[in-house]
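*Asks:* generate coordinates for the sequence data below:
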Amino acid sequence: MFSPFTYLIRRKELASHLGKGLALLLGNELSSMNYAANYYPQFRQDSTFLYYFGLDVPGLAAIVDLESGESILFGQEPTLDSMVWTGPEAGLDELASKCGVEKTLPIETLGEFLSLTGDRTVHYLPSYRPEHTIKYSTWLKKNSKEVKEGVSEALIHTIIRQRSTKVHAEIEQLDNAANVTHALHMTAMKYAKAGMKESDVVAELYAIAMRETGYPSFPIICTVHGEILHNHHYHNNLKEGDLLLVDCGGESAMHYAGDMTRTFPVSASFTQKQKEVYQAVLDASDQVVINLRPGVSYKEMHLLAARVLTENLKAIGLMKGDVEEAVAHGAHALFFPHGLGHMLGLDVHDMENLGEDFVGYDSTTRRNPQFGLSALRLGKELQAGYAITVEPGCYFIPGLIDNWKASNKLEAFINYEALESYRDFGGIRIEDDYIITENGSRLLGTPVPRTIAEVEEVRGAAL
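*Replies:* Below is the predicted model:
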């Protein structure tokens, strides 16, 4: 945890922006797998609760009085049974002292406490777990529809304003998470060999994560079918000539996330065809990184990556026509159907539970419904202190190719005949994490090999 003063200041800032009423912030519960006492092994605290209170303990909730500035921590005191089964636990007052809270109450009294506040506004956040909705419904005496409609946009905007800009202590945590992520990727590059299954590599990565700080920041993607963007199946065999795409992240001890992707050959080196596509993606990434700085629209960075990728695919013979027109019409999205990146922080997709359009867009930058652009999670102008990912990719998705080809969609820009020999290519993504600085950007953590020569050097030594 940070110092109690850190959490106190964060809550004071929250109160100063919202001004009136109460902010109700929920922690998470342990979740049962198949019967009540058999919990999923990874408890994950709500990230907003972590930001304002720092307590990585299940079964808590808190209220911030926005006018007095007082905070109240609600929870349950440890019992004899809980001590027997789970070991000694801190009491509520001890937990409260760690985050600068002076008042505690049993969580069973939270509904009654709210009922005595009269007509004061209670600000609360969207539910992403069903138990959140049930609690809101019980405590606020609303049905589920009313709970959904009563979410506080003012609270959402205030939290996004605070959490988006990372201070020095948070950047240290992000560097730590990126260094764990570095260890994961170096392990994958050195460990993977033909004859293994994807699951063999994944098991090794989970072992590294557990030795470092715990669990990965999200379920690991490790696949020879990189054209499936979020592929969490690990049953394929690794074969000579395959590309292995590994998208994974470590967490810091305080749950700040890393998120990086590397794509490398199962063999000691890339084939010529793989080199050409890999370089196209790398060029797109490099051009974006050169231009990262405060005031730059991330939507424009996405379009810059699309133009660089299109220019390279033209040189390979897979695209044709005017590059600007091709990107304007969305032709590149056949190969690059996702966004360039997203915010990073206590969540791997930072604050996504508050609403992507609130986090990644604003009144001057709206989401574009065009295929490909519609998947861009972050489009607004960057500011110093933003932590972001840069992750261009190029994918050959047979079903998508067939769908577009059937109607000759954007045939002025796509060479469908040449695409036939790439149907089994898979996909390539290169992703790194950056902090936006006052004058540009800085890579978070230790660099992971990314050029063709660097990747082949690691692979050659491993084999």
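*Asks:* how about residue 389: what's its closest non-neighbour residue?
*Replies:* In this structure, residue 389 finds its nearest non-sequential neighbour in residue 341, 3.9 Å apart by Cβ to Cβ, 6 or more residues apart in numbering. Glycine gets a C-beta too; all of them are placed from N, C-alpha and C.
*Asks:* for the chain, what's the longest helix?
*Replies:* helix 168-191 (DSSP state H).
*Asks:* thinking again about what came up before, what strand or helix carries the residue nearest to residue 389?
*Replies:* For residue 341, there is no host helix or strand (DSSP states H and E).
*Asks:* mind jotting down where the strands sit in the stretch 251-400 of the chain?
*Replies:* For the stretch 251-400 of the chain, strands defined by DSSP state E, counting those that start in this stretch occupy the ranges 260-265, 387-390, 393-395.
*Asks:* partners of the last one in the sheet?
*Replies:* Just to be clear, that refers to strand 393-395. The strands beside strand 393-395 in its sheet (DSSP bridges) come out as strand 427-429 (antiparallel).
*Asks:* got the contact list for the following helix or strand past the partner strand?
*Replies:* Per DSSP H and E, the first helix or strand lying C-terminal to strand 427-429 is strand 432-436. Strand 432-436 has contacts (Cβ atoms under 8 Å, 6 or more residues apart in numbering) with 166, 171, 174, 178, 181, 258-260, 285, 289, 292-294, 344, 382-391, 441-445, 448, 450.
*Asks:* distance of residue 346 relative to residue 290?
*Replies:* According to Cβ to Cβ, to the nearest Å, residue 346 stands 28 Å off from residue 290.
*Asks:* which one's more surrounded, these two?
*Replies:* Neighbours per residue, other Cβ atoms under 10 Å: of residue 346 and residue 290, the larger number sits with residue 346, 25 against 11.
*Asks:* how long is stretch 238-254 end to end?
*Replies:* Length of stretch 238-254, first residue to last, Cα to Cα, to the nearest Å: 35 Å.
*Asks:* let me fix that: stretch 74-92
*Replies:* End-to-end distance for stretch 74-92, by Cα to Cα: 8 Å.
*Asks:* what sits up against that stretch?
*Replies:* Here stretch 74-92 makes contact (Cβ under 8 Å, 6+ apart) with 57, 59-63, 73, 95, 104-107, 109-110.
*Asks:* filter the residues you listed down to the buried ones, ChimeraX style.
*Replies:* Listed next is the ChimeraX selection for buried residues among the contacts of stretch 74-92, using 16 or more other Cβ atoms under 10 Å:
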select :57,60,61,62,63,73,95,104,105,107,110
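*Asks:* next step: the contacts of stretch 74-92 restricted to strands.
*Replies:* Counting by DSSP state E, the part of these found in strands is 61-63, 73, 104-106.
*Asks:* which of the helices and strands in the chain ranks last by mean pLDDT?
*Replies:* Least confident helix or strand, the chain: helix 80-86 with a mean of 84, by mean pLDDT, DSSP states H and E.
*Asks:* in this structure residue 277 contacts residue 309, no?
*Replies:* No: using Cβ atoms under 8 Å, residue 277 is not in contact with residue 309, being 9.6 Å away.
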